[in-house]
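[1] here is my input; please provide its structure:
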Amino acid sequence: MRKKSWSILMLLILLVSSALYGCGGDEKSSGEGGNSGDNGDPKVLIFGRGGDSVGLDPGTVTDGESFKVTKNIFETLVKFGEQDTEVNPGLAEEWKVSDDGLTYTFMLRDGVKFQDGTDFNADAVVKNFERWMNGNADQFPYYGSMFGGFKADEGHVIKEVKATDDMTVEFVLKLHS
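    Reported below is the predicted structural model:
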């Protein structure tokens, strides 16, 4: 049971890592290359790739060129270490797993905003998961394989995702025999 819970957690992490797009850190991490002589001119980065992105919603795309962009501009709840599969904080600063392995509680980082200035919070996480689990394979190609199908499917592993307060989100998994 514990091994299955960890497998489900890893799948959850993979999906979350491709989600919650538009969130980012503070402006100091904008990658300005340490240029202290800002003359007010806009900064432009030109980056050559093999093709254009199909889209910028990582939950809906399957092409590598889109993922090359989204992994650099969107942040995730948790992430793997740079050299290993150690689970590290992302938008979730810490998390707890219940003794039965069916409830995962994530405490979110405060002060994060979406690119339009909207605050990132637990409701944003819930809305994204509701969007995915209420969709279908044509809309969200990877979700079903990661979570045992969609909400109405018998094998779907998520029972519910809920905000317990503004900065805490809880994932409750189904007990499958």
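[2] CA only for contacts and neighbour counts going forward, please
    OK.
[3] quick one: average pLDDT of the longest strand along the chain?
    For the chain, the strand with the greatest residue count under DSSP state E is strand 158-165. For strand 158-165, mean pLDDT rounds to 97.
[4] residue ranges with poor pLDDT in the protein?
    1-7, 9-37, 177 (pLDDT under 70).
[5] show me the helices in the chain, by range?
    Per DSSP state H, the chain carries helices over the ranges 2-17, 64-73, 122-133, 143-147.
[6] which positions in the third one come out as buried?
    Within helix 122-133, the residues that qualify as buried are Ala122, Asp123, Ala124, Val125, Val126, Asn128, Phe129, Trp132, Met133, counting by 16 or more other C-alpha atoms under 10 Å.
[7] what sits up against that helix?
    19-20, 59, 108, 140, 143, 150-151, 161-169 (C-alpha atoms under 8 Å, 6 or more residues apart in numbering).
[8] now do it against strand 158-165, angle only.
    Put simply, helix 122-133 runs at 160 degrees to strand 158-165, going by axes from the mean of the first three to the mean of the last three C-alpha atoms, to 10 degrees.
[9] residues touching the closest residue to Ala92 other than its chain neighbours, list them.
    In space, and not counting its chain neighbours, Ala92 is closest to Leu108: 4.2 Å by C-alpha to C-alpha, 6 or more residues apart in numbering. Listed by C-alpha under 8 Å, 6+ apart, the contact partners of Leu108 are Leu77, Leu91, Ala92, Glu93, Glu94, Asn121, Ala122, Met167, Thr168, Val169.
[10] show me how to select, in PyMOL, the buried members of the residues you listed.
    The PyMOL command for the buried members of these (criterion: 16+ other C-alpha under 10 Å) is given here:
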select buried, resi 77+91+92+94+121+122+167+168+169
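[11] tell me the one of the contacts of Leu108 nearest Thr103?
    Thr103 lies nearest to Val169 out of the contacts of Leu108, by C-alpha to C-alpha, at 10.4 Å.
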